[in-house]
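Asks: From the sequence below, what's the structure:
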Amino acid sequence: MKKSIRLAVLTAMSAVALAAAGSAFAVYTPTLAISPGNLTAGGAGANTIKFTSSAADDATFKITIYVPLGYTVNLSQAVGAKIGKVNAQIIAVALGGALLPLTGDIVVDDPAKYTAAAASVACAGAAAHNAVWLLNLSVAGQTLAVPVYVDQTAGAEATFASMKLQTCLSSPNATIAQGGNSVGAKAVSVDFTFNGVLTNPATAGDNTWRALFTPWVTSSGTAVNAAGTIESRSIVRLPAALTFAASAGKVGGTVTEGSTGLAGLRVEIWGGPSAKKLAKLGTVKTKSDGSFSYKAKKGTAYQAKVALGTRGNTTAGCAGGSFPAFAPVPCATATIGGWTAASKVVKGK
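Replies: This next block holds a predicted model:
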């Protein structure tokens, strides 16, 4: 039976004063990570947004993600269009704390349905939204349809972001009557990849995504800990590239991010009789300038692959204190976004 997750936001927002008045709150340090699908300045492609939180953290109530200036936004997709995929892991509090995987589609919904809806107003304000995306997550025989409210920024927010995404999650301790769900879902990992929405900034450099995370009060079904809100940042460095070519007796190339070669990375080398018959031959490490090489046989087809994971960057990424628009919200975590690349296939000489 398909159900939609109902957000306990009206009661929650009325309880903000109680949360801020003081109670023992658990540690709360969720992390934002952005992975670009297109690695070129000005390029268009998929983008993956990932939120992670430890099992010890309080449950998350609201997430607001700010897309940096320079990205071009396309929100012309038709209602009902599938624009991506979502994967998540939840702790099912009502099922003894079981860790459950969830998957589903990202579907464009009609924003007019949400303008006056109580849950939407409490989460993202009363203004009409430019778009609404539904994260349709299947778990334990039901579908949790989580709306993401998408808006182009205005006013002070437009000085640092081109678009913002807002979503609210029900408390794992909320009853059904309070807007909870039957499994008591507490999100510890959510990543969603959307297509056809963003084009990268045309200028090379670092692009800092920002997010605000607000938790529920520990073990509460209705009270929001507004005072516990933190900021997390994720830097996307463009362009990033894996080059690969053949020369006499070897193949090789470089791995770069921005204008810097990346040292110490493991590059997979694949080879075979043709581009359609490749097998992994081994790995090589990049040197201090990002270069790498591998002995090659004449006539053999070769390809290089690299997978660069998300890297912690809290000290440098949060330097300078809170971003002015968010003061006095502290920056608690920061990352550099990961990416993957596969080179063209070349023949050994």
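
Asks: What's the end-to-end length of stretch 257-269?
Replies: From its first residue to its last, stretch 257-269 covers 20 Å (CA to CA, to the nearest Å).

Asks: ok, what's across the strand from the residue nearest the centre of the chain?
Replies: Per CA atoms, centre = their mean, the C-alpha nearest to the average position across the chain is that of Ile49, at 1.5 Å. Judged by DSSP bridges, the bridge partners of Ile49 are Ile34, Phe192.

Asks: so who does Asp206 touch?
Replies: Asp206 makes contacts with Ile235, Val236, Arg237, Gly258, as judged by CB atoms under 8 Å, 6 or more residues apart in numbering. Heads up, the C-betas are built off the backbone N, CA and C, glycines and all.

Asks: redo that, cut-off 10 Å
Replies: Pro68, Ile235, Val236, Arg237, Leu238, Glu257, Gly258, Gly317, Ile336 (CB atoms under 10 Å, 6 or more residues apart in numbering).

Asks: Break the chain into its domains for me.
Replies: Annotated domains of the chain cover 9-238, 240-306+340-347 [automatic domain parsing].

Asks: what's the closest of these to Ala325?
Replies: domain 9-238 (5.6 Å; CB to CB).

Asks: What's the mean pLDDT across the closest one?
Replies: Mean pLDDT, domain 9-238: 89.

Asks: for stretch 297-305, same thing?
Replies: Here the average pLDDT along stretch 297-305 is 98.

Asks: List the buried residues for that stretch?
Replies: Thr300, Ala301, Tyr302, Gln303, Ala304, Lys305 (16 or more other CB atoms under 10 Å).

Asks: again with stretch 106-117
Replies: In stretch 106-117, counting by 16+ other CB under 10 Å, buried: Ile106, Val107, Val108, Asp109, Pro111, Tyr114.

Asks: Could you work out the end-to-end span of that stretch for me?
Replies: End-to-end for stretch 106-117, by CA to CA: 20 Å.

Asks: all helices for this structure, in order.
Replies: Secondary structure of the chain (DSSP state H): helices at 9-14, 16-21, 118-124, 314-317.

Asks: now for the last one, which elements pack on it?
Replies: So that's helix 314-317. Counting contacts by 3 or more CB pairs under 10 Å, 6 or more residues apart in numbering; DSSP states H and E, helix 314-317 is packed against strand 230-238, strand 331-336.

Asks: go on, the longest one?
Replies: Contacts defined by 3+ CB pairs under 10 Å, 6+ apart place helix 118-124 against helix 9-14, strand 60-68, strand 142-152, strand 161-168.

Asks: From the contact counts, what lies against the last one?
Replies: Other helices and strands packing on strand 161-168, by 3+ CB pairs under 10 Å, 6+ apart, are helix 9-14, strand 60-68, strand 72-73, helix 118-124, strand 131-139, strand 142-152, strand 185-194, strand 205-215.

Asks: For Gly312, find the nearest of the helices and strands packed on helix 118-124.
Replies: strand 60-68 (18.9 Å).

Asks: strand partners of that closest one, parallel vs antiparallel please.
Replies: Short version: by DSSP bridges, strand 60-68 pairs with strand 161-168 (antiparallel), strand 205-215 (antiparallel).

Asks: That strand versus strand 142-152: what angle between them?
Replies: 40 degrees (axes from the mean of the first three to the mean of the last three CA atoms, to 10 degrees).

Asks: since we're on Ala263, how many residues are nearby?
Replies: Counted with other CB atoms under 10 Å, the neighbours of Ala263 add up to 13.

Asks: ok, now which ones touch the residue nearest to it when sequence neighbours are not counted?
Replies: Spatial nearest neighbour of Ala263, excluding adjacent residues (CB to CB, 6 or more residues apart in numbering): Ser288 at 4.7 Å. Ser288 makes contact with Gly261, Leu262, Ala263, Gly264, according to CB under 10 Å, 6+ apart.

Asks: Confirm for me that the third one is in contact with Glu257.
Replies: No. Proximity of Ala263 to Glu257 does not meet the contact threshold set by CB atoms under 10 Å, at 11.1 Å.

Asks: Find the residues that touch each one of the two.
Replies: Gly290.

Asks: residues near the residue nearest to Ala248 when sequence neighbours are not counted, how many?
Replies: Distance criterion CB to CB, 6+ apart; nearest residue to Ala248, sequence neighbours excluded, is Lys349 at 5.5 Å. For Lys349, the neighbour count with other CB under 10 Å is 14.

Asks: mind listing what Lys349 touches?
Replies: Ala245, Ala246, Ser247, Ala248, Gly249, Lys250, Val251, Ala296, Lys297, Lys298, Gly299 are the contacts of Lys349 under CB under 10 Å, 6+ apart.

Asks: Burial check on the third one, number of neighbours?
Replies: Neighbour count for Ser247, taken as other CB under 10 Å: 12.

Asks: From Gly104, how far out is the closest residue to it other than its chain neighbours?
Replies: In space, not counting the residues next to it along the chain, Ser247 is nearest to Lys349; the distance is 6.4 Å by CB to CB, 6+ apart. Going from Lys349 to Gly104 by CB to CB, to the nearest Å gives 48 Å.

Asks: Could you do Ala241 as well?
Replies: Taken as CB to CB, the span from Ala241 to Gly104 is 33 Å.

Asks: From the chain's centroid, how far away is stretch 86-93?
Replies: With CA atoms, centre = their mean, to the nearest Å as the basis, stretch 86-93 stands 15 Å off its chain's centre.
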